[in-house]
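A.B. asks: What follows is a protein structure lacking sequence information:
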């Protein structure tokens, strides 16, 4: 007798490489709806609406300009300190938002996840996409200043590397997603990491040239410093839009390797815990 | 017969009781390092079994196997805690089994809780899309079914209003309607019909029945309401303490369940070991009840019942009262009685004696629930404790009072006071 093959088989554990990516694709409408829901519900009944998205990086930039630029007198590599800090902050905000929100997905959505099944990866992916909307608003805000500073000839020189922006953003998204789901996979069991991730992301920011320029890093520490995958992205981004710094392609390639490794590790851990995390959250 | 559409093979689900994973990362790292160095785990209790001893584990399902064939409507019944919800959770893939395997064909639409993912800020329309997508529909599918969904829910007028302005009944109707229109081969329902008004419940049951008989959909239905199980199901499985104890005919399954669920009739009940349910505050603890002036928990028709409730609270100066919800042995609710405000001493054990008017109850067994409530000065009610089957008693059949009639179960559990004859005239 021919053995009947079932379409779905539920067993105690996933293998390390059962990612169900095809299934995630089937649920792409759900991803888009989550994105829409997040966006709509976030700004409903606010007066300023999506303008809130630029307020946070704007004030952070002013703070940085004041503290690091004026008080500490750190170099902004020859460009106005405002645009220097703004470019870094916009990138960093996107990355940090992706990471911290993704890290929280299991716990924050346990009410939905406890009742219906859909590929769990849908949730973090939609987070990364909905944060992208806020990023685009901030990015447009940044572009306005880039144009102003270019026209007024304040030492800002955008160049063709601007075309790499989608690649840079994609890499940031992958990195944020990867780090976030590693944390979310581990926080289902150890809540400690949820505490760590918020201030951890702040510490990480200071390990990245957001609030200062690469020139203050001692030469013998640079290769260690460049292991941070976000750093080459920020450097390349500033090079493209402000025309400052130098690109070291070797480090950039390394940053991609680290990004892919983190993402792979994240998805592996995530798919290991996704089946049973509801029992432990 | 064709291949089963759902195959459940030796499925067990184990939960760990108490804190999970010993609590913190530090503890687990210590254990891990110690194990790697071949030392004794510093976190295990001295001279005790390893931390993962058998006694801190709980088997919610224990080696359950059964098959479901296409087009069947299978009822899953059992007492609270028998493993029904766990089984449905496994089937709807919310969590995975600890052992065994579940295989099925097609999609499973689970209605473990309707309205999952409804966001209060979004309109009815947006939520239909949201909820549909969570249940696995694509946007195109929802587009196609949208009008049907809205029509079934009777919500045409309010579909563009944010759901936070909906009444809870409207909310449930819309949510159920989305789930019911899912094109899935298998539907799972967990007491969804306990919500909504009676007319809508009837409509839902009718819809489910149609889906199963005409559209050939397979239904798994969990309920404590034996009447709906009778209406809907073609087969039943009975779970008890995580094990499958019966699989087959509906009536037989129901009688096995009722026998099993029956509380032994006793004069006194002790609830001190029972945890408070999650929907109450737990600020008042009912400790036990005792039937007074009786030698066995049986009274005759038209009698009253006296009982003593022992309870304790630290709250001072509150207006407490109790509600008694009468429930028959077939789990049918049949009325409610309230007490006036109680006087008490905070911090001490209070004993309050009550008299319950049971004169309108028909012969049969009852196990009322007692709910402990507070009414504050604004007329707001708070539930502090609730105990199901807080009393158990039997109303004995009295042939004299019934004029030698045997009580017919179709008459229901209420024996009303006699019809009064006001006047009688002879017309020519």
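C.D. replies: Thanks, I have it. Just so you know, these numbers come straight off a predicted model, no measurement behind them.
A.B. asks: To what extent is the residue of the stretch 151-300 of chain B found nearest chain A buried, counted in neighbours?
C.D. replies: Residue of the stretch 151-300 of chain B nearest chain A, by Cβ to the nearest Cβ: residue B:162 (8.4 Å). Where C-beta positions appear, they are placed from N, C-alpha and C, glycine not excepted. Residues lying near residue B:162 (other Cβ atoms under 10 Å in any protein chain shown) number 16.
A.B. asks: could you give the mean pLDDT of the longest helix along chain A?
C.D. replies: When chain A is parsed with DSSP state H, its longest helix is helix A:122-151. Across helix A:122-151, the average pLDDT comes to 91.
A.B. asks: buried sites along that helix?
C.D. replies: Neighbour counts over helix A:122-151 (16 or more other Cβ atoms under 10 Å in any protein chain shown) mark A:122-135, A:137-139, A:141-142, A:145-146, A:149-150 as buried.
A.B. asks: What residues does the stretch 1-150 of chain A have near chain B?
C.D. replies: Residues of the stretch 1-150 of chain A that fall close to chain B, judged by Cβ under 8 Å from any Cβ of the partner chain: A:4, A:6-13, A:26-27, A:29-30, A:32-33, A:36-37, A:40-41, A:44-45, A:111-118.
A.B. asks: Select from those residues every entry located in strands.
C.D. replies: Judged by DSSP state E, strands contain the following of the residues of the stretch 1-150 of chain A next to chain B: A:8-10.
A.B. asks: who wins for most neighbours among the residues you listed?
C.D. replies: Top of those by neighbour number is residue A:10, holding 21 neighbours under the definition other Cβ under 10 Å.
A.B. asks: Now do it, the pLDDT please.
C.D. replies: pLDDT, residue A:10: 79.
A.B. asks: how about the nearest residue to it once chain neighbours are set aside, secondary structure?
C.D. replies: Nearest residue to residue A:10 in three dimensions, chain neighbours excluded: residue B:102, at 4.3 Å (Cβ to Cβ, 6 or more residues apart in numbering or on different chains). Under the three-state scheme (DSSP: H, G, I helix; E, B strand; the rest coil), the conformation of residue B:102 reads as strand.
A.B. asks: so who does residue B:102 touch?
C.D. replies: A:9-10, B:6-9, B:11, B:90-91 (Cβ atoms under 8 Å, 6 or more residues apart in numbering or on different chains).
A.B. asks: Is it correct that residue B:16 is in contact with residue B:59?
C.D. replies: No: taking contacts as Cβ atoms under 8 Å, residue B:16 lies outside contact range of residue B:59: 11.1 Å.
A.B. asks: quick one, domains of chain B?
C.D. replies: Taking automatic domain parsing as the criterion, chain B consists of the domains B:60-261, B:268-407.
A.B. asks: is any part of the shortest one close to chain A?
C.D. replies: Going back to what we said before, that points to domain B:268-407. No: counting by Cβ under 8 Å from any Cβ, chain A has no neighbours in domain B:268-407; the shortest distance is 13.8 Å.
A.B. asks: Please enumerate the helices of the stretch 151-300 of chain B.
C.D. replies: B:168-180, B:198-213, B:226-232, B:250-261 (DSSP state H, counting those that start in this stretch).
A.B. asks: which regions of the chain lie under the pLDDT threshold?
C.D. replies: Unless you meant another one, I'm taking chain A. A:1-3, A:13-18, A:278, A:280-281 (pLDDT under 70).
A.B. asks: ah, I was thinking of chain B
C.D. replies: B:1, B:17-28, B:30-32, B:34-56, B:111-117, B:191-197, B:261-264.
A.B. asks: Just want the most central residue of it.
C.D. replies: Central residue of chain B (Cα atoms, centre = their mean): residue B:224, 6.2 Å from the mean position.
A.B. asks: Give me the nearest residue to the residue of the stretch 151-300 of chain B closest to chain A, chain neighbours excluded.
C.D. replies: residue B:123 (5.4 Å).
A.B. asks: Spit out the contact partners of the one you found.
C.D. replies: Contacts of residue B:123 by Cβ under 8 Å, 6+ apart are B:159-163.
A.B. asks: wait, residue B:260 sits on residue B:243?
C.D. replies: No: using Cβ under 8 Å, residue B:260 is not in contact with residue B:243, being 11.5 Å away.
A.B. asks: helix, strand or coil for the residue in the stretch 151-281 of chain A that chain B sits nearest to?
C.D. replies: Of all residues in the stretch 151-281 of chain A, residue A:275 sits closest to chain B, at 3.7 Å by Cβ to the nearest Cβ. Under the three-state scheme (three-state DSSP), residue A:275 adopts coil.
A.B. asks: Go through the helices of the stretch 151-300 of chain B and pick out the most buried.
C.D. replies: helix B:168-180 (a mean of 22; mean count of other Cβ atoms under 10 Å in any protein chain shown).
A.B. asks: for it, packing partners?
C.D. replies: Secondary-structure packing of helix B:168-180 (3 or more Cβ pairs under 8 Å, 6 or more residues apart in numbering or on different chains; DSSP states H and E): strand B:108-111, helix B:124-134, helix B:139-153, helix B:198-213.
A.B. asks: dump the residue contacts of residue A:187.
C.D. replies: Residue A:187 neighbours (Cβ under 8 Å, 6+ apart): A:103-104, A:106-107, A:193-194.
A.B. asks: Of those residues, which belong to helices?
C.D. replies: A:103, A:106-107, A:193-194.
A.B. asks: ok, and the most crowded of the residues you listed?
C.D. replies: residue A:103 (29 neighbours).
A.B. asks: centroid residue for chain A?
C.D. replies: Most central in chain A (Cα atoms, centre = their mean) works out to residue A:95, at 2.3 Å.
A.B. asks: And the helix or strand hosting that one, what does it pack against?
C.D. replies: Here residue A:95 is covered by helix A:81-103, with elements defined by DSSP states H and E. Applying 3+ Cβ pairs under 8 Å, 6+ apart, one finds that helix A:81-103 contacts helix A:52-64, helix A:122-151, helix A:165-187, helix A:192-206, helix A:230-242.
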